[in-house]
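> The amino acid sequence is not available; the structure is as follows:
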């Protein structure tokens, strides 16, 4: 007898909803905490006359389903990443370059899911938006722009992607930003980077970006295998669709990503258990300034993005959606398909009141008497950008950007450790300010996407 004391969690893409992945080699192990799994079986209780006093009546048992959630400390690109020899989304030297959690995030958000035609494409991250390495690809630049050597270099980067320039992959002062416009080999960033490389010898590094996309309607169903240390210990969680993704971005902490899925079938598989060692990936560092960590927001007084913002606590980024089920009597589980609808990206955090905070009148004009800037932003519909950047070396860089968000709830005031602070909720809203002079569009790239997460 062997007890189930240790666990592994593996995942693979299905070819279709209702078709479990049965190919053992397709499964990728996740370096996650032990998952929280809940099984749900539809049971109808009827007051049947059993014929004996105190006897439990028969239950009418229906469909099986359940939920699984797990947390992953954010990983960067593959350990021993060789940027001059392998690119995110390209053929790797060893293990796949993009970590599996990023592929799961891109699947949830939509990204370019039409590119994930096979499980091999899925684990390679072809549905992420990827850029490629160019040796010495920078000609010049400022903190707000990168001028590429030529069209060959700039064509490897799409508008809306994360872009990174550095003299070497070991450099601790890379230039990190989000491409807003591309014109004649000049990449203008959404907001100024903390570092200004500006060196013709600098390289442009490969990146991977997950982004909100209408292709969320084509979300790939997944099969999870939750296994123990014996071949007989394996639960298969089938037809799993993501309901939410949430990660923390508190100062001094490594971002931790929590995924929550609903699955529509589960079963024991006594042949495919056993523990599996996950592939090794770089760890994203704690978010502090010594590794280029910072948070940026748009300044209501100037209207400019990129204002470095301090005092933020209890910070969370969350993507969530509603799952709409199509029932079918002829389907093996009674569910023919699941649609992902009403996807939303929301930021929540606490920020203290400061004497320098703006006050605005009913028209949104600065005044001495009126509403605090957060209340004014709610009432006037002022758009607020939020960006996070961290990473001092290529392979360990993480960033997100919401280029145009709306405060969607009244700012709440509370005492935070003796300081008056506001709790804010900001949701990604419409955005269409990106421009390009090459072939990428919002159908196949993050151009004009309302929420983005990137690795480099």
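Noted; the coordinates are in hand. For clarity, every value in this text was computed on a predicted model and none was experimentally measured. Numbers count the residues shown, from 1 in each chain.

> Centroid-nearest residue for the protein?
When C-alpha atoms, centre = their mean is applied to the chain, the residue found nearest the centroid is residue 105 (4.5 Å).

> Which residues outside the helix or strand where it lies are in contact with it?
Taking DSSP states H and E as the criterion, residue 105 maps to helix 100-109. With contacts defined as C-beta atoms under 8 Å, 6 or more residues apart in numbering, helix 100-109 is touched by 11, 28, 30, 72, 74-75, 112-113, 116, 122-123, 125, 127-128, 208, 210-213, 216, 219-220, 222, 242, 245, 257, 259, 319, 321, 343, 345, 451, 453, 455. Using the backbone N, CA and C atoms, a C-beta is placed for each residue, glycine as well.

> Inside helices: which ones of these?
122, 123 (DSSP state H).

> Just the contacts of helix 100-109: which are in strands?
11, 28, 72, 75, 208, 210-211, 222, 242, 245, 257, 259, 319, 321, 343, 345, 453, 455 (DSSP state E).

> now those residues: which count as buried?
11, 28, 72, 75, 208, 210-211, 222, 242, 245, 257, 259, 319, 321, 343, 345, 453, 455 (16 or more other C-beta atoms under 10 Å).

> Might you list the low-confidence residue ranges for the chain?
1, 301 (pLDDT under 70).

> the domain parsing of it - what is it?
By the assignment in automatic domain parsing, the chain contains the domains 8-42+61-131+210-455, 138-209.

> among those domains, which is the most enclosed?
domain 138-209 (a mean of 21; mean count of other C-beta atoms under 10 Å).

> Figure out how far that one is from the centre of its chain.
Offset of domain 138-209 from its chain centre (C-alpha atoms, centre = their mean, to the nearest Å): 22 Å.

> Okay, and the beta partners of the nearest residue to residue 281 once chain neighbours are set aside?
The shortest distance from residue 281 to any non-neighbouring residue, by C-beta to C-beta, 6 or more residues apart in numbering, is to residue 75 (3.8 Å). Going by DSSP bridges, residue 75 is paired in beta bridges with residue 283.

> shouldn't residue 75 be in contact with residue 280?
No. Contact criterion C-beta atoms under 8 Å: residue 75 and residue 280 do not qualify, at 9.0 Å.

> quick revisit: okay, the domains of the chain in a markdown table with distance to residue 51 next?
Converted to a markdown table, the domains of the chain look like this (distance: least, C-beta to C-beta, whole Å):
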| stretch | distance to residue 51 |
| --- | --- |
| domain 8-42+61-131+210-455 | 21 |
| domain 138-209 | 65 |
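
> what's the closest of those to residue 52?
domain 8-42+61-131+210-455 (21.2 Å; C-beta to C-beta).

> can you tell me the distance between the two ends of the closest one?
Distance between the two ends of domain 8-42+61-131+210-455: 25 Å, counting by C-alpha to C-alpha, to the nearest Å.

> distance between that domain and the chain's centre?
2 Å.

> Which stretches in the stretch 1-150 of the chain count as helices?
100-109, 119-124 (DSSP state H, counting those that start in this stretch).

> my bad, should have said the stretch 151-300 of the chain
So, for the stretch 151-300 of the chain - with DSSP H, counting those that start in this stretch - the helices run 151-154.

> Please enumerate the strands of it.
162-166, 175-183, 186-189, 203-205, 208-211, 222-227, 234-248, 256-263, 265-268, 281-283, 294-297 (DSSP state E, counting those that start in this stretch).

> Which neighbouring elements make contact with the fifth one?
Packing partners of strand 208-211 (3 or more C-beta pairs under 8 Å, 6 or more residues apart in numbering; DSSP states H and E): helix 100-109, strand 129-130, strand 452-455.

> Tell me which residues are up against it.
77, 88-89, 97-98, 102, 105-106, 109-111, 125, 128-130, 160-162, 446, 449, 451-456.

> One more: the last one?
Contacts with strand 294-297, where a contact means C-beta under 8 Å, 6+ apart, come from 191, 194, 249, 305-310, 312, 315, 384-390.
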